[in-house]
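Trainee: generate coordinates for the sequence data below:
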Amino acid sequence: MTAHRTGRRKDRAGWRARQQGSLLLEFMAVAALSLVLAVWASHAWTQRAQRLQAQALAAWMEVARDGAEAFLTRHAADLATAGEVDALAGQGFADWTAPRWSELRSQGLLTGGWQPGGPLRRTLGLRIMREGPCPGASCRVWALVHARPALRTPAGGVDEALVAEWLQAAKGRGLVIWPHQPGFLSGAGLKIPVPEADAVEWGPGAVALVARTGSGRGEETGAGQTDAYLRVRDARDPDFQGSATVQGVVRSGMHLAARDSLLLERSWGVGQACAPEGALGRASVGIGVLACRRGLWSLVARPAGGGYMINSRRGCHNIMGGTSANPATGKCACPSGYAMVQVAESGSLTAPEGLSVGYLCVPQQ
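Mentor: Modelled structure (predicted):
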């Protein structure tokens, strides 16, 4: 009896040991899963924080870019003719090639609440550039607003993830210096040589926005001197969003493309005088396209006029009761500008089935 009780105690002790071991494994699994979730959440939060910081940096730089454009617009005439760096000192700018943000703010070109220190512990540089012979008709003055220091990792390489977030926040207007092209600021369809001045600030990972204004011809500044207006022989696509009316000839150097359709409002008669040779027009009678050949309008394209059959007893129906009308008109007639030509005849006026006559519609020349 005593031996039996001793065995039962040993079994219970073993069961408790096994149960404690199983619980320990479960606790270890839960702890490992919690660690994985914590690492994932930390990474996700880091990415979100990085995205928000890049958006804030881009928004901060946009405000500064607007201030730079206001500076260019107000002083376009002076900047086009400026020689020494202190040429605008009398107007509050010690160095017109690199105005200070405090100078722009004191002149009312920046909002009073704008701060020179921004997100990611960055400051901004401003560099004024001139393009073409200045002063002159082809002189253009523009500026670069760039973040300092460049967006790099602690190891010294370009922080490509942060740069990508910044480019997305800049909505396609951002420029970046990449390691494979260290001498250029590259963006969407734009490549600008790195300014020679302040070369130490223009390493890989540097990001910038462009501020532009008008031609800088020395004329009175204003809305007409901004980038929203075009100049003669301007290479930019105006991308007009509304209608445009031109009284003279519109000439294209290559192709004339219309996304929707080409409307020829005026019409002409076949055989009328025309100019110039090769011009296209619309036929005044019916539907057709004309071409100017040897000084006269000639028909070059017209849709088929169709045909029909008419019966002396059934009218515009066949013996089965179906319609025999012209598909082009919906009745036993030709379209305007087409003449009917008899092509068939069967039966007779006295026959029970009557006389059936078939017609083909041909263009009138």
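Trainee: going forward, measure contacts and count neighbours with C-alpha atoms only.
Mentor: Fine.
Trainee: quick one: contacts for the residue nearest to Arg266 when sequence neighbours are not counted?
Mentor: Residue nearest to Arg266 in three dimensions, not counting chain neighbours: Arg282, with 6.9 Å by Cα to Cα, 6 or more residues apart in numbering. Taking Cα atoms under 8 Å, 6 or more residues apart in numbering, we find Arg282 in contact with 264-268, 288-290.
Trainee: may I ask which of those has the most neighbours?
Mentor: Counting neighbours by other Cα atoms under 10 Å, Leu290 leads the contacts of Arg282 with 24 neighbours.
Trainee: what about it, which helix or strand?
Mentor: Element membership of Leu290, judged by DSSP states H and E, is strand 289-293.
Trainee: helices or strands up against that strand?
Mentor: For strand 289-293, the elements it packs on are strand 280-283, strand 296-301, judged by 3 or more Cα pairs under 8 Å, 6 or more residues apart in numbering; DSSP states H and E.
Trainee: what is the mean pLDDT for that strand?
Mentor: For strand 289-293, mean pLDDT is 89.
Trainee: partner strands of that strand, parallel or antiparallel?
Mentor: strand 280-283 (antiparallel), strand 296-301 (antiparallel) (DSSP bridges).
Trainee: how much space between Ser312 and Pro352?
Mentor: To Pro352, Ser312 is 10 Å away according to Cα to Cα, to the nearest Å.
Trainee: any weak-confidence spans in the protein?
Mentor: For the chain, applying pLDDT under 70 flags the ranges 1-49, 197-200, 214-236, 241, 286, 365.
Trainee: that one: helices as residue ranges?
Mentor: Shown for the chain, the helices assigned by DSSP state H span residues 2-74, 76-81, 101-106, 160-169.
Trainee: quick revisit: centre of the chain to the strand holding Leu290, how far?
Mentor: With Cα atoms, centre = their mean, to the nearest Å as the basis, strand 289-293 stands 38 Å off its chain's centre.
Trainee: mind exporting the C-alpha coordinates of it to PDB?
Mentor: This file holds the C-alpha atoms of strand 289-293, laid out as PDB (Å, rounded to 0.1, in the frame of the first residue of the first chain):
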ATOM      1  CA  VAL A 289     -13.300  66.300 -98.000                       C
ATOM      2  CA  LEU A 290     -11.800  68.500-100.600                       C
ATOM      3  CA  ALA A 291      -8.200  69.100-101.600                       C
ATOM      4  CA  CYS A 292      -6.800  72.100-103.400                       C
ATOM      5  CA  ARG A 293      -5.300  70.900-106.700                       C
END
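Trainee: end to end, how far does stretch 85-102 reach?
Mentor: Length of stretch 85-102, first residue to last, Cα to Cα: 17 Å.
Trainee: what do you get for stretch 95-102?
Mentor: 13 Å.
Trainee: can you offset everything so residue one is 36?
Mentor: Got it, first residue is 36 now, which makes that one stretch 130-137.
Trainee: next one: it to chain centre, how far?
Mentor: Per Cα atoms, centre = their mean, the centroid offset for stretch 130-137 relative to its chain is 33 Å.
Trainee: residues touching it, excluding its own?
Mentor: Stretch 130-137 has contacts (Cα under 8 Å, 6+ apart) with 114, 120-124, 128, 145, 151, 160-164.
Trainee: cool, stretch 157-172 as well?
Mentor: So stretch 157-172 is contacted by 96, 103, 115-116, 131-135, 151-152, 173-184, 250-253 (Cα under 8 Å, 6+ apart).
Trainee: and for stretch 369-386?
Mentor: Residues from elsewhere that reach stretch 369-386 (Cα under 8 Å, 6+ apart): 320-322, 340-342, 347, 361, 363-364, 368, 388-399.
Trainee: surely Ser221 touches Val211?
Mentor: Yes: Ser221 lies in contact with Val211 (Cα atoms under 8 Å); the separation is 5.3 Å.
Trainee: which parts of the stretch 186-335 of the chain are strands?
Mentor: Using DSSP state E, counting those that start in this stretch, the strands of the stretch 186-335 of the chain run over 209-213, 216-222, 225-228, 242-247, 302-303, 315-318, 324-328, 331-336.
Trainee: on contacts alone, who are the packing partners of the third one?
Mentor: The one in question is strand 225-228. Packing partners of strand 225-228 (3+ Cα pairs under 8 Å, 6+ apart): strand 216-222.
Trainee: tell me how far Ser221 lies from Gly160.
Mentor: 18 Å.
Trainee: same check on Gly102?
Mentor: Gly102 sits 13 Å away from Gly160, going by Cα to Cα.
Trainee: residues that sit against both of those two, list them.
Mentor: Counting by Cα under 8 Å, 6+ apart, no residue touches both Gly102 and Gly160.
Trainee: mind checking which of Ser221 and Val211 has more residues around it?
Mentor: Using other Cα under 10 Å as the criterion, Ser221 and Val211 rank with Val211 on top: 28 against 20.
Trainee: for the residue lying closest to the more buried one once chain neighbours are set aside, the count of nearby residues, please.
Mentor: Spatial nearest neighbour of Val211, excluding adjacent residues (Cα to Cα, 6+ apart): Val242 at 4.6 Å. Neighbour count of Val242, defined by other Cα under 10 Å: 27.
Trainee: residues contacting Val242?
Mentor: Shown in contact with Val242 (Cα under 8 Å, 6+ apart): 181-182, 185-186, 198, 209-212, 220.
Trainee: between those, which is nearest Asp272?
Mentor: Nearest to Asp272 out of the contacts of Val242 is Gly209 (Cα to Cα; 19.1 Å).
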